[in-house]
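# Could you work out the structure for the sequence below:
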Amino acid sequence: MSNGDIFVGEVIGTAILILFGAGVCAAVTLRYSKARASGWIVIAFGWGFGVLAGAYTAAPLSGGQLNPAVTLGIAVDTGKWGKVWIYILGQLVGAMLGAVLAYLVYLAQFQANVRQSGAEGTDEEPTPTLGIFSTIPEIRNPVANLITEIIATIALVLPILAFGLTEGLGESGTLVLIVSLLVVGIGLSLGGPTGYAINPARDLGPRLVHAVLPIPNKGTSDWGYAWIPVVGPLVGGALAGLIYNVAF
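A predicted model of the protein is given here:
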């Protein structure tokens, strides 16, 4: 794969991933969305389908890694570091592009995110919007949040590496489907404490976009927390690569 193919593939694939992922979060969160308040299970499946669509699309060009933690885990296992920066750059650009596209899909809903009079004349507060783009912990505890992200990312990257042991899984296209279901499972089982970033680009790129978009009453971009969904998944990805290299 050429550097250009890798970059383009990761941009397109990650953009699709974030379009689906931020899109389902917007659908569940924003007023005047037909899916409002449909819950965590919908969000988990929305992100899983985003992985499915993004990885299948990117696979012919770049292999569809879509996640710096996955890229790092593969590099730690194989010792091949030459193209890591191209993958990560494409993933970050794609994540930002996907966040902008999700914003445009729900543009009218975002523009309606203003203080309104409720049915009984009470003020209805604007909806906080950061959770549509990036992760927010339910309990703000940096050590606990970091541990959650590390463990959840190991639970993603280690199986992805192990799936490669099954002959023909990648060639048949079944691998992408299985990884998508894995992401759904992580969301359902491990996503409750922090919102399961498990992907530095998935959190950082949309957070940057949230900071600059003209969203009415958007609230804070919470940069004090932003290092955790970057460092945690990178540590988890590296540990998964080491574990796989030693154990398998």
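# And what about the most centrally placed residue in the chain, helix, strand or coil?
Geometric centre of the chain, nearest residue: Arg202, 3.6 Å, by C-alpha atoms, centre = their mean. Assigned with DSSP: H, G, I helix; E, B strand; the rest coil, Arg202 falls in the helix class.
# Without its sequence neighbours, what residue ends up closest to it?
Using C-beta to C-beta, 6 or more residues apart in numbering and skipping the chain neighbours, the partner closest in space to Arg202 is Ala95 (5.8 Å). The C-beta positions use only the backbone N, C-alpha and C, and glycine is treated the same way.
# How much space separates the one you found from Gly21?
9 Å (C-beta to C-beta, to the nearest Å).
# What of Gly236?
Gly236 is 19 Å from Gly21, where distance means C-beta to C-beta.
# Buried ones in whichever helix in the chain runs longest, by neighbour count?
Assignment by DSSP state H gives helix 3-29 as the longest helix of the chain. Using 16 or more other C-beta atoms under 10 Å as the test for burial, helix 3-29 gives 6-29.
# ok, Gly205 to Lys34 distance?
27 Å.
# Please say which of the two ends up with more neighbours.
Gly205 (27 against 6; other C-beta atoms under 10 Å).
# Break down the chain into its helices, ranges please.
Taking DSSP H as the criterion, the chain carries its helices at 3-29, 40-62, 68-78, 84-105, 107-111, 130-133, 142-163, 169-172, 174-190, 200-212, 228-247.
# Could you tell me the least trusted of the ones you listed?
Mean pLDDT per stretch puts helix 169-172 lowest among these, at a mean of 62.
# what about stretch 131-144, start to end distance?
Using C-alpha to C-alpha, to the nearest Å, one end of stretch 131-144 lies 19 Å from the other.
# Identify each buried residue in it, please.
For stretch 131-144, the neighbour count (16+ other C-beta under 10 Å) marks Gly131, Ile132, Phe133, Ser134, Thr135, Pro137 as buried.
# now those residues in a markdown table, with distance to Gly39?
As requested, the buried residues of stretch 131-144 are exported to a markdown table (distance: C-beta to C-beta, whole Å):
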| residue | distance to Gly39 |
| --- | --- |
| Gly131 | 14 |
| Ile132 | 15 |
| Phe133 | 19 |
| Ser134 | 19 |
| Thr135 | 17 |
| Pro137 | 19 |
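# and which of the residues you listed is nearest Trp85?
Nearest to Trp85 among those is Ser134, at 22.9 Å by C-beta to C-beta.
# Near Gln111, how many other residues are there?
There are 11 residues near Gln111, going by other C-beta under 10 Å.
# and what of Pro216?
With other C-beta under 10 Å as criterion, Pro216 counts 12.
# Repeat that for Leu101.
17.
# how close does it get to Ala201?
Using C-beta to C-beta, Leu101 is found at 15 Å from Ala201.
# what do you get for Ala69?
Distance from Ala69 to Ala201, by C-beta to C-beta: 9 Å.
# For the two, work out which one has more neighbours and name it.
Set Ala69 next to Ala201 and count neighbours by other C-beta under 10 Å: Ala69 wins out with 35 against 30.
# shouldn't the more buried one be in contact with Tyr196?
No: the pair Ala69 and Tyr196 does not pass the contact test of C-beta atoms under 8 Å, sitting 11.7 Å apart.
# Please tell me how far Gly9 sits from Ala58.
Taking C-beta to C-beta as the measure, Gly9 falls 4 Å from Ala58.
# anything in contact with each of the two?
Gly64 (C-beta atoms under 8 Å, 6 or more residues apart in numbering).
# hang on, the earlier thing: just checking, what packs against the longest helix of the chain?
With contacts defined as 3 or more C-beta pairs under 8 Å, 6 or more residues apart in numbering; DSSP states H and E, the packing partners of helix 3-29 are helix 40-62, helix 84-105, helix 130-133, helix 200-212.
# Thank you kindly, that will do.
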